[in-house]
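>>> Sequence and predicted structure, then a few things I'm wondering about:
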Amino acid sequence: MPARMNVLPKNTGWIEVICGPMFSGKTEELIRRLKRAQIGQQRVQIFKPSIDRRYAEAQIVSHSEQKLDSIAIDRAEEILALVRPDTQVVGIDEVQFFGAEAVRVCEQLANRGLRVIVAGLDQDYRGVPFDPMPHLLAVAEYISKELAVCVVCGNPAHRSQRLSPDDRRILVGARGAYEARCRACFRADGDEPAQSKSEAEAAQPGLPLGEPDGGRRLGRRTGEGQGPEHSK
Ligand SMILES: [Zn+2]
C-alpha cells in the first residue's frame, strides 16, 4: 500500500482526452495545455492528420487563430517513429481521423512515460460516436468534454450539424459546412433547413418528446437514449 496518493502522476505517462463537437474550443484547449507545458520547459511534439489542411500545413490552429507548430502525418503509427527520445509531451489534434490505430499509439506513448494529450470529435455529423474516441475515453486517465453554443437556440451544444447534404463521414470543414447544435435542435438527417427562432424556442428541453408533433418538429432521431438529465 502506498503511504500517500500522488495528486499528479509521477514517473509515469498518461493520456488526456479533450472531446466535444465542432466550435467547442477543443483545439484551443489542446494548444493551451501544450503552450503551458512549453512555458514549463517541457519538450513538446504535436501531430495532426494530413487530411486536415484547413489552415496551415505545419501548425495546429484553432478557430480563434491560436496556433502551434505541428507535424502532419497520414497514420498514427508514424508518431512512434517521429517522437524524439527527449520528448516529454505529445499532442495530437483531430485524433478521430486516425482510427483504431490511435488508441494503440497513445497507449504505447503513455506506457513509455510520455504525457499524451489528444483532442477530437466524439460524435460524427449523425450524432454517432466517432471511433476511436469511445475507446480513447475508456483508456484515458483524464477526459474533458467541451461544449459549444447552439446557433439555433443558445443552449450548450454537444453535436455538430452538417449543413450540406454530403453523406461522407469525413468532410473537413470550418464555418459554413457545420454548425454547433444542442440535442433539441440537432437533426441527424442534416438536410432540413434550420428551424425558425420561434420553433427553436418551442423545442427547448423540457418539451415532452412524446407529444403528437414532437417527432416531426424535432426531426428524425438516431435512436440513442433521450433521458432528460445531462450527464455533465
Ligand atoms: Zn438548440
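Cool, got the structure.
>>> Tell me which stretches of the chain form helices.
26-39, 78-82, 101-111, 133-139, 197-202, 214-218 (DSSP state H).
>>> For residue 59, which of those is the nearest?
Evaluated with Cβ to Cβ, the helices of the chain place helix 26-39 nearest to residue 59, the distance being 9.8 Å. (C-beta placed from N, C-alpha, C; glycine too.)
>>> Which neighbouring elements make contact with that closest one?
strand 14-20, strand 44-49, strand 59-61, strand 67-69, strand 89-92, strand 115-121 (3 or more Cβ pairs under 8 Å, 6 or more residues apart in numbering; DSSP states H and E).
>>> change it to 7 Å
In terms of contact count using 3 or more Cβ pairs under 7 Å, 6 or more residues apart in numbering; DSSP states H and E, helix 26-39 is assigned the packing partners strand 14-20, strand 44-49, strand 67-69, strand 89-92, strand 115-121.
>>> how about those strands in JSON lines, adding mean pLDDT?
Rendered in JSON lines, the data for the helices and strands packed on helix 26-39 read as follows (pLDDT from 0 to 100):
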{"stretch": "strand 14-20", "mean pLDDT": "98"}
{"stretch": "strand 44-49", "mean pLDDT": "96"}
{"stretch": "strand 67-69", "mean pLDDT": "87"}
{"stretch": "strand 89-92", "mean pLDDT": "98"}
{"stretch": "strand 115-121", "mean pLDDT": "98"}
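>>> Including distance to residue 165 and mean neighbour count, could these go into a markdown table?
Formatted as a markdown table, the entries for the helices and strands packed on helix 26-39 read as follows, by distance: least, Cβ to Cβ, whole Å; neighbours: other Cβ atoms under 10 Å:
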| stretch | distance to residue 165 | mean neighbour count |
| --- | --- | --- |
| strand 14-20 | 24 | 23 |
| strand 44-49 | 24 | 22 |
| strand 67-69 | 32 | 15 |
| strand 89-92 | 31 | 26 |
| strand 115-121 | 20 | 26 |
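>>> For the ion, find the nearest of these.
The ion lies closest to strand 14-20 among the helices and strands packed on helix 26-39, at 15.3 Å (Cβ to the ion).
>>> residues in this structure within reach of the ion, list them.
Remark: the part of the chain in contact with the ion comprises 150, 152-153, 155, 182, 185, using Cβ under 5 Å from the ion.
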